[in-house]
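Colleague: okay, structure incoming, though there's no sequence with it:
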């Protein structure tokens with residue numbers, strides 16, 4: 001037998017083994033790749049570190065504008081109504097010869113809340129730390145209107161003493177954005193501001209029971225009562241209020257919302273006793289010539305306000321006035 005003939009069985013056996021191996025492999029299912037599940041919520045719109053950088057830029061520009069009295073120096077990082085409010089504060093500062101100075105806005109923050117969204121507008125809420133020798137803390141609301149816009153401060157307010165700050169999801173997780181007409185809340189953000197305006201101007205408002213107690217409304221009531229008693233021998237005092245906004249809103253951890261907007265309150269003195277003298281309050285005279293009121297005079301105070309709105313799932317929970325900043329905007333006489 002030749003050598004070639006002796007090798008054929010070996011080669012045949014090898015081919016049979018290879019065929020069996022391939023056949024065995026063919027029986028294994030083809031590998032599949034399962035994509036990661038889509039997250040339930042979008043990631044936070046901006047990192048906590050970046051949010052603080054933006055706040056630092058806000059503080060830097062506001063400080064420069066405060067030094068010069070020129071709001072244009074903050075326009076890149078501050079938008080309406082915040083920039084208009086600061087302009088009104090500058091006007092009062094000028095009218096009082098520097099006696100009424102706007103409070104510095106310091107932005108080092110120990111609470112940062114960021115919207116988790118893949119659309120616009122996007123929001124950042126910050127709660128500032130108090131600076132040395134001060135207990136003042138601020139809420140700051142910043143908004144990015146579109147992908148090419150900068151985050152800008154649209155509102156701020158001082159935290160009211162003794163009023164707890166709502167809880168929020170951490171900045172790493174992010175909070176849900178809130179629409180102006182959000183239905184899952186006890187009242188919409190716009191309605192919350194309108195009702196707050198009403199109870200600020202009228203302690204007997206039909207909405208008074210919807211709000212928890214707060215120190216600012218107690219201050220307002222005492223102020224108005226003092227004015228009313230001071231003019232009782234010559235006239236009367238009335239108040240009215242309007243609201244605007246919301247300018248900023250973001251979800252709280254319990255499904256409620258923190259909302260920021262503007263409230264204007266007008267106090268009107270009217271002479272009702274003929275032959276009497278109705279003096280103009282000293283606090284109003286800084287924006288008007290001193291002297292008695294012949295017919296009527298009105299003072300309008302502008303407020304940046306912050307309010308907590310409970311979720312609709314907590315019908316017995318109360319709205320809470322959280323923060324405010326006030327400035328005397330105008331004084332006018334009516335003859």
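Modeller: Cool, got the structure. Since we're looking at a predicted model, the values are computed, not measured. Numbering: from 1, shown residues only.

Colleague: just checking, next helix/strand downstream of the longest strand anywhere in the chain?
Modeller: Longest strand of the chain, by residue count under DSSP state E: strand 235-251. On the C-terminal side of strand 235-251, the closest following helix or strand by DSSP states H and E is strand 257-271.

Colleague: host element of residue 304?
Modeller: Residue 304 belongs to strand 296-309, assigned by DSSP H and E.

Colleague: partner strands of the helix or strand that comes right after that strand, parallel or antiparallel?
Modeller: Next along the chain after strand 296-309, taking DSSP H and E as the criterion, comes strand 320-334. The pairing partners recorded for strand 320-334 under DSSP bridges are strand 152-159 (antiparallel), strand 296-309 (antiparallel).

Colleague: any idea how far strand 320-334 is from the chain center?
Modeller: Offset of strand 320-334 from its chain centre (CA atoms, centre = their mean, to the nearest Å): 18 Å.

Colleague: swap in stretch 135-150?
Modeller: In terms of CA atoms, centre = their mean, the centre of stretch 135-150 is found 8 Å from the chain centre.

Colleague: buried sites along that stretch?
Modeller: Using 16 or more other CB atoms under 10 Å as the test for burial, stretch 135-150 gives 137-144. Any C-beta I mention is one placed from the backbone N, CA and C, and that applies to glycine too.

Colleague: show me where pLDDT drops low in the chain?
Modeller: Applying pLDDT under 70 to the chain picks out residues 1-45.

Colleague: next SSE after the helix or strand where residue 54 lies?
Modeller: Secondary-structure assignment from DSSP H and E places residue 54 in helix 48-68. Beyond helix 48-68 in the direction of the C-terminus, DSSP H and E gives the next helix or strand as helix 82-95.

Colleague: kindly calculate the angle that that following helix makes with strand 320-334.
Modeller: Relative orientation of helix 82-95 versus strand 320-334 (axes from the mean of the first three to the mean of the last three CA atoms, to 10 degrees): 50 degrees.

Colleague: now do the buried residues in stretch 49-64.
Modeller: Across stretch 49-64, burial judged by 16+ other CB under 10 Å covers 51-52, 54-55, 57-59, 61-62.

Colleague: likewise for stretch 275-285?
Modeller: In stretch 275-285, counting by 16+ other CB under 10 Å, buried: 278-281, 284.

Colleague: residues in contact with stretch 86-102: which ones?
Modeller: Stretch 86-102 is contacted by residues 62, 65-66, 69, 71, 74, 78, 286-287, 302, 327-329 when judged by CB atoms under 8 Å, 6 or more residues apart in numbering.

Colleague: got the buried residues for it?
Modeller: With burial defined by 16+ other CB under 10 Å, the residues of stretch 86-102 counted as buried are 86-93, 100, 102.

Colleague: again with stretch 183-192
Modeller: Using 16+ other CB under 10 Å as the test for burial, stretch 183-192 gives 185-192.

Colleague: out of the residues you listed, which are inside helices?
Modeller: Judged by DSSP state H, the buried residues of stretch 183-192 include 189-192 as members of helices.

Colleague: and the angle from the longest strand of the chain to strand 296-309?
Modeller: Calculated by the same axes, to 10 degrees, strand 235-251 forms an angle of 30 degrees with strand 296-309.

Colleague: before we move on, the earlier item: report all helices and strands that the helix holding residue 54 contacts.
Modeller: Counting contacts by 3 or more CB pairs under 8 Å, 6 or more residues apart in numbering; DSSP states H and E, helix 48-68 is packed against strand 109-114, strand 122-128, strand 138-144.

Colleague: wait, isn't residue 115 in contact with residue 143?
Modeller: No: using CB atoms under 8 Å, residue 115 is not in contact with residue 143, being 9.5 Å away.
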